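Student: Pasting a predicted model and its sequence here:
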Amino acid sequence: MDINLIGVPIFYGADKRGPEYAPAKLRDKQVVSVLSKHNHKIYDLGNLNVPETKEYNKFYAHHNLKYVQQIVEVNTNLAHMVYTSLKAESFPLIIGGDHSVGLGSISGVSKAYKNFAVIWMDAHADINTQDTSGSGNIHGMPLAEAMGLGYHDLVNVYFEGQKVSPENVFILGARDLDDGEKALIKEKNLNVYSPEKIREKGLENLVNEIVQEIKDRNIEAVHLSFDMDFIDSKYVPGTGTPVSEGMNIEETKVLIKSIVETKLVKSMDLVELNTLLDKDDVTADLAIDLLDWTFKHMR
Ligand SMILES: NC(=[NH2+])NCCC[C@H](N)C(=O)O
Ligand SMILES: [Mn+2]
């Protein structure tokens with residue numbers, strides 16, 4: 001299959017340096033040839049432009065949304081890259097950057113597909129808004145904005161209004177939720193599966209259950225958004241907000257394999273690799289290994 005590799009070297013959503021170096025790091029580690037092994041044609045489209053700004057300007061537009069203008073600009077361009085890739089039947093593979101890029105990816109997918117689902121693999125739910133976030137970091141918010149909740153400029157990225165309906169969002173691996181997020185999960189009855197719940201159901205079973213729901217709703221495509229912190233913190237030193245009690249690498253691979261084998265995944269993000277925090281490149285190497293695994297099972 002054709003794959004458009006899109007780097008998004010941004011750290012503004014995390015407000016911590018490091019994720020902006022991930023696209024270059026993964027290219028150094030031969031991501032293109034690794035994916036090519038599996039009979040894919042990789043078009044490396046380079047990195048999106050991330051506008052410079054001074055740190056003292058981070059609250060310029062909103063007192064609890066750091067770098068919101070820059071994040072809106074980058075995500076608008078990303079959305080269009082994703083949309084045009086899908087229209088050309090090339091799989092958009094987005095390499096972050098922090099997880100704020102999830103908003104742009106989903107927005108692009110949303111213009112291409114009327115009826116799609118999002119599988120969000122993450123230690124966090126990333127469904128804060130400017131009113132519930134304790135950090136003001138936009139990487140903790142993209143999924144809320146994609147569901148139409150939060151600050152207008154973010155909600156209306158690329159085109160006006162909601163990008164994905166809450167019932168089509170599946171959050172896997174969540175184990176560090178803020179109070180406002182817990183309230184929203186209840187209110188919208190969101191599909192959230194902690195590692196504990198995933199193990200209890202059985203990994204493949206859980207995916208089958210999700211796939212059944214997706215098929216019942218005639219979903220045409222799945223966007224897979226993978227945050228490195230999905231994996232237990234002991235395996236991923238190179239991520240900005242690590243959380244313990246996560247799934248191990250084998251379990252992660254089982255999940256990814258069964259998700260990908262549905263043939264529904266049409267786009268993917270890999271985010272929150274922080275090269276400055278990494279130890280001996282273990283997290284970067286793991287990111288490569290996971291991409292290798294993912295695209296080996298993608299037909
Ligand atoms: N994509 C991420 N790593 N998100 C971490 C979010 C952490 C915290 N819930 C916050 O909103 O600030
Ligand atoms: Mn995340």
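Tutor: Thanks, I have the structure now. Ligands and ions are numbered 1, 2, ... in the order given.
Student: CA only for contacts and neighbour counts going forward, please
Tutor: Will do.
Student: what does the chain have sitting close to ligand 1?
Tutor: H99, H124, D126, N128, S133, S135, N137, H139, G140, D178, T241 (CA under 6 Å from any ligand atom).
Student: Just the buried ones out of those, please.
Tutor: Neighbour-count burial (16 or more other CA atoms under 10 Å) applied to those gives H99, H124, D126, N128, S133, N137, H139, G140, D178, T241.
Student: hang on, the earlier thing: can you tell me which of the residues of the chain next to ligand 1 is closest to ligand 1?
Tutor: G140 (3.7 Å; CA to the nearest ligand atom).
Student: shouldn't K266 be in contact with I219?
Tutor: No: using CA atoms under 8 Å, K266 makes no contact with I219, being 11.7 Å away.
Student: Just give the number of residues close to K234.
Tutor: 12 (other CA atoms under 10 Å).
Student: Please name the nearest non-neighbouring residue to it.
Tutor: S244 (7.0 Å; CA to CA, 6 or more residues apart in numbering).
Student: hang on, the earlier thing: please identify which two of the buried ones among the residues of the chain next to ligand 1 are farthest apart in space.
Tutor: H99 and D178 (16.6 Å; CA to CA).
Student: Could you check the pLDDT of the closest residue to L255 other than its chain neighbours?
Tutor: Once flanking residues are discounted, L255 sits nearest to L203: 6.2 Å by CA to CA, 6+ apart. According to the predicted model, the pLDDT of L203 comes to 97.
Student: follow-up on the earlier one: what about the residue nearest to K234, which SS state?
Tutor: coil (DSSP: H, G, I helix; E, B strand; the rest coil).
Student: surely it meets D232?
Tutor: Yes: when contacts are counted by CA under 8 Å, S244 is listed as touching D232 (5.1 Å).
Student: For the residue positioned nearest the centre of the chain, list each beta-bridge partner.
Tutor: Nearest to the mean C-alpha position of the chain, by CA atoms, centre = their mean, lies S225 at 3.1 Å. Beta bridges link S225 to W120, D269, judged by DSSP bridges.
Student: ok, it touching M268?
Tutor: Yes: distance between S225 and M268: 5.6 Å, which falls inside the contact criterion (CA under 8 Å).
Student: Mind listing residues that contact stretch 232-244?
Tutor: Stretch 232-244 has contacts (CA atoms under 8 Å, 6 or more residues apart in numbering) with 14, 16, 19, 123, 175-176, 228-229, 245-249, 272-279, 281-284.
Student: Filter the residues you listed down to the buried ones, PyMOL style.
Tutor: In PyMOL, this line selects whichever of the contacts of stretch 232-244 come out buried by 16+ other CA under 10 Å:
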select buried, resi 14+16+19+123+175+176+228+229+245+246+247+249+272+273+274+275+276+277+278+281+283+284
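Student: The contacts of stretch 232-244 in helices, which ones?
Tutor: Per DSSP state H, helices hold the following members of those: I249, V282, T283, A284.
Student: F170 versus the first one, what's the distance?
Tutor: Look at I249 and F170: by CA to CA, to the nearest Å, they are 20 Å apart.
Student: again with the third one
Tutor: Relative to F170, T283 is positioned 25 Å away (CA to CA).
Student: same question, A146
Tutor: According to CA to CA, A146 stands 13 Å off from F170.
Student: between these two, which one's more packed in?
Tutor: Neighbours were counted for A146 and for F170 using other CA under 10 Å; A146 has more, 27 against 18.
Student: Nearest residue to that one in space, please, no chain neighbours.
Tutor: Spatial nearest neighbour of A146, excluding adjacent residues (CA to CA, 6+ apart): K163 at 5.1 Å.
Student: Thanks a lot, catch you later.
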